[in-house]
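Visitor: the following block contains a protein sequence and its predicted model.
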Amino acid sequence: MPPLVAGDVPTAGKGVAEIFLGTRYLRTSVAERQLPFIELVLGVSSWQELTLEVPYLSLSPAQGETRTGFGDAVVGTKLLVLREQARRPGIALSGEAKLDNGDAGRGLGAGAVDYDVRLRTQKTWAWFTGLWNVGYTVVGEPVINDVRQERRNALFLAFAQEYKVAARTKLLSEVYWRESATPGESARLAADVGIKHNVRPWLQLHAAAGKSLRSGNAGGPRLRVYAGLMIEFPLFSNTSKPRLPQTSQGGKP
């Protein structure tokens, strides 16, 4: 979930839906825009949620015409393993499958299905919350123009922080590292800073920006910017009134 790359532990309440609407700009060798970014989260129990992400992309290479269209959709789930308490952290396990529905020939999709699993941990001390992620992605090898593209599985590590600066406002930061799935390319070491603000009990605004921490932006990105909102509502009339989670965050790099 946006605005950060690192993911949180809490799940959506049973019978509660969360809709994330936003726009993302990612600059590597290609300027990639998600217009819009849409993610739906559905709480199916007190300890599990289901997710669906559908990006609409606009790619602007250094040379050539801009390409637009739907990118690879992502379906997933998150399981709450251990609820956070005063003397112990919260722990969750998530899994996602990035589908092969985007047009890989035009750069709008990866051309193969990827599977990602992530262990998430978080703990709050007064005004500070720390979040730790360890993930592993099984990367499929696409066939583009009858040529198989070599890929390798990738490890992911992240440490994110939340700072409560007002009753409804938190500042965010993170540092993350990801192995490159393409042999010969540099691993990514990058950081983001951001903000979350609860406008209403059911409406949250959030934004983040960041870049590579490596010399020459090796591994990318040169720039990553996200801005959007989250709307939360019950799916059924007998569902208790939703409340925005205090530490909900995390998304895709």
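Guide: Good, I have the coordinates. Fair warning: this is a prediction, and the values are worked out from it, not measured in the lab.
Visitor: rest of the way, CA atoms for contacts and neighbours
Guide: Fine.
Visitor: next, count neighbours for F70.
Guide: Using other CA atoms under 10 Å, F70 is surrounded by 17 other residues.
Visitor: apart from its neighbours in sequence, what residue is nearest it?
Guide: Y56 (4.3 Å; CA to CA, 6 or more residues apart in numbering).
Visitor: give the contact list for that neighbour.
Guide: Contact partners of Y56, counting by CA atoms under 8 Å, 6 or more residues apart in numbering, are 34-37, 68-71.
Visitor: ramachandran angles for the residue in the chain sticking out farthest from the centre?
Guide: No residue in the chain sits farther from the centre than D146, which is 31.5 Å out by CA atoms, centre = their mean. D146 has phi and psi values of phi 70, psi 20 when expressed as degrees, to the nearest 10.
Visitor: quick check, the residue nearest to F70 in a strand?
Guide: Yes: in this structure, Y56 lies within a strand as judged by DSSP: H, G, I helix; E, B strand; the rest coil.
Visitor: let the chain start at 35 from now.
Guide: Okay, residue one is now 35; in that scheme the one you just asked about reads as Y90.
Visitor: how close does it get to G56?
Guide: Here Y90 is placed at a distance of 11 Å from G56 (CA to CA, to the nearest Å).
Visitor: please enumerate the shared neighbours of those two.
Guide: Common neighbours of Y90 and G56 (CA under 8 Å, 6+ apart) are 69-71.
Visitor: now, those that are in strands?
Guide: 69-71 (DSSP state E).
Visitor: neighbour-wise, give me the winner out of the residues you listed.
Guide: Top of the ones in strands among the shared contacts of Y90 and G56 by neighbour count (other CA under 10 Å): F71, with 20 neighbours.
Visitor: beta partners for it?
Guide: G56, P89 (DSSP bridges).
Visitor: contacts only, for it.
Guide: By CA under 8 Å, 6+ apart, the neighbours of F71 are 54-58, 87-90.
Visitor: just those now: which is nearest A243?
Guide: R58 (9.6 Å; CA to CA).
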